[in-house]
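Novice: Got a predicted model here, sequence first, then my questions.
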Amino acid sequence: MTTHRVTILDGGMGRELERRGAPFKQPEWSALAMMEAPQIVTQVHKDFIAAGARVITTNSYALVPFHIREQRFRDDARELAEAAGRAARQAVGESRSDTRIAGCIPPLFGSYRADLYQPQRVDEIAVPLIKGLSPYVDIWLCETQSLIAEPVRVKDLLTELNQHNRPFWVSFTLEDAQPTDTPRLRSGETVVEAVAAMVALDVEAILFNCCQPEVISAAIQLTGNTLQKKNAEKIQIGAYANAFPPQPKDATANAGLDIVRADLTPEAYLDWARQWQREGATLIGGCCGIGPTHIALLAEKLPA
């Protein structure tokens, strides 16, 4: 296969914050650093930029009621999203970099749990995040999506809020706790179904994240084949795996600090990234447990 040039994304924020001694506990998770130590968030962004990331993602993943609880969300969500956007923009400015900022629109009802999706509450939760992030971001990234319906509604919402003038990327998390007959989202929907829905949305990129690297390759191949059949090859494909073992089907990501796999060294992760690149991925980074050292090796070894 052709070796595609790659845009390097950043790695996981939460474990970097914990490793550096930032305020970090449940239920707030990485949101706590946004509340109490935003300067550490900025430094993590800067370290990923120095490692070679050309897209960094705002630390807004945990700014949802699941993590900060309903009252705090109602009172502070927009302000915290603004702080997340400012921290990323400050990092880019201080790094004197042309790195772009992806505004993270997280899974709104808990990671991995398609069964918790509440369509009637999407606007209530997504709007403060979108409005807070909007002044600072270059890309909208709807990430760690377990089902098709949520990014479909978020895209419509961005249009309604006149925020559709920036690229819209969607990253799905894949079932990885048990074998499946074909690559599937954690909802059970197939990757082929998800890609077809994203083509209809006219997204700029389809990615896969927060799942084992072992399940991503088949999803990339299916995505490329589906895009080709639909004459939608302008849509980029991306991948950023996590570094912890498969989670039970009823688990919720970030319910605890999972042990990182010892075998996913920077060198081992580079091997996976090279495979994704050969299969058609042009956006590659890391999720939970993938740090600046991993990203630096990707930036060094993958053609930009």
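Specialist: Cool, the structure landed. Bear in mind that the values here come from a model prediction, so they are computed numbers and not experimental data.
Novice: C-alpha only now, for contacts and for neighbours.
Specialist: Fine.
Novice: so Ser217 touches Trp276, yeah?
Specialist: Yes: at 6.0 Å, Ser217 counts as touching Trp276 under the criterion of CA atoms under 8 Å.
Novice: who's more crowded, the two?
Specialist: Neighbour totals were compared for Ser217 and Trp276, and Trp276 leads with 27 against 22 (other CA atoms under 10 Å).
Novice: For the more buried one, give its distance to Cys287.
Specialist: 15 Å (CA to CA, to the nearest Å).
Novice: what's the answer for Glu160, then?
Specialist: For Glu160, the distance to Cys287 - CA to CA - is 30 Å.
Novice: Who has more neighbours out of those two?
Specialist: Legend: neighbour count by other CA under 10 Å for Glu160 and Cys287, higher for Cys287 (23 against 10).
Novice: That one and Ala243 touch, don't they?
Specialist: Yes: between Cys287 and Ala243 there is a contact at 7.4 Å, judged by CA under 8 Å.
Novice: OK, contacts around His45?
Specialist: Shown in contact with His45 (CA atoms under 8 Å, 6 or more residues apart in numbering): 56, 88, 91.
Novice: Three-state assignment for it, please.
Specialist: helix (DSSP: H, G, I helix; E, B strand; the rest coil).
Novice: can you check Leu207 too?
Specialist: strand.
Novice: what is it paired to in the beta sheet?
Specialist: Ser171, Gly238 (DSSP bridges).
Novice: count of residues packed around it?
Specialist: 28.
Novice: Next, work out how far apart it and Cys287 are.
Specialist: Look at Leu207 and Cys287: by CA to CA, they are 12 Å apart.
Novice: Give the residues shared as contacts by the two.
Specialist: Joint contacts of Leu207 and Cys287 (CA under 8 Å, 6+ apart) are Tyr240.
Novice: tally of neighbours for Thr144?
Specialist: When neighbours are counted by other CA under 10 Å, Thr144 registers 29.
Novice: Make sure it is indeed in a strand.
Specialist: Yes: counting by three-state DSSP, one finds Thr144 located in a strand.
Novice: Could you double-check that it sits in contact with Ile206?
Specialist: No: applying CA under 8 Å as the test, Thr144 and Ile206 come out as separate, 11.4 Å apart.
Novice: what residues are shared contacts of the two?
Specialist: Contacts common to Thr144 and Ile206, judged by CA under 8 Å, 6+ apart, are 171-172.
Novice: what's the host helix or strand of Glu150 packed up against?
Specialist: Per DSSP states H and E: Glu150 is located in helix 149-160. If contacts are counted by 3 or more CA pairs under 8 Å, 6 or more residues apart in numbering; DSSP states H and E, helix 149-160 sits against helix 122-133, strand 139-145, helix 191-201.
Novice: Let's see that with 7 Å instead.
Specialist: Using 3 or more CA pairs under 7 Å, 6 or more residues apart in numbering; DSSP states H and E, no helix or strand is in contact with helix 149-160.
Novice: which residues are in contact with it?
Specialist: Helix 149-160 is contacted by residues 142, 164, 170 when judged by CA atoms under 7 Å, 6 or more residues apart in numbering.
Novice: residues contacting the closest residue in space to the last one that isn't next to it in sequence?
Specialist: Spatial nearest neighbour of Val170, excluding adjacent residues (CA to CA, 6 or more residues apart in numbering): Cys142 at 4.8 Å. When contacts are counted by CA under 7 Å, 6+ apart, Cys142 is found next to 104-106, 151, 169-171.
Novice: helix, strand or coil for Ile259?
Specialist: Applying three-state DSSP: Ile259 is coil.
Novice: Distance of it relative to Cys288?
Specialist: From Ile259 to Cys288 the distance is 10 Å (CA to CA).
Novice: Between the two, tell me which one has more neighbours.
Specialist: Between Ile259 and Cys288, Cys288 has the larger neighbour count (other CA under 10 Å), namely 24 against 10.
Novice: Report the buried residues of the helix or strand bottoming out on mean pLDDT in the chain.
Specialist: Averaged element by element with mean pLDDT, DSSP states H and E, the chain has its least confident helix or strand at helix 14-19 (a mean of 91). Buried positions in helix 14-19, judged by neighbour count with 16 or more other CA atoms under 10 Å: 14-18.
Novice: Could I get those residues in JSON lines, plus columns for distance to Ala31?
Specialist: Below are these laid out as JSON lines (distance: CA to CA, whole Å):
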{"residue": "Gly14", "distance to Ala31": "9"}
{"residue": "Arg15", "distance to Ala31": "12"}
{"residue": "Glu16", "distance to Ala31": "13"}
{"residue": "Leu17", "distance to Ala31": "10"}
{"residue": "Glu18", "distance to Ala31": "12"}
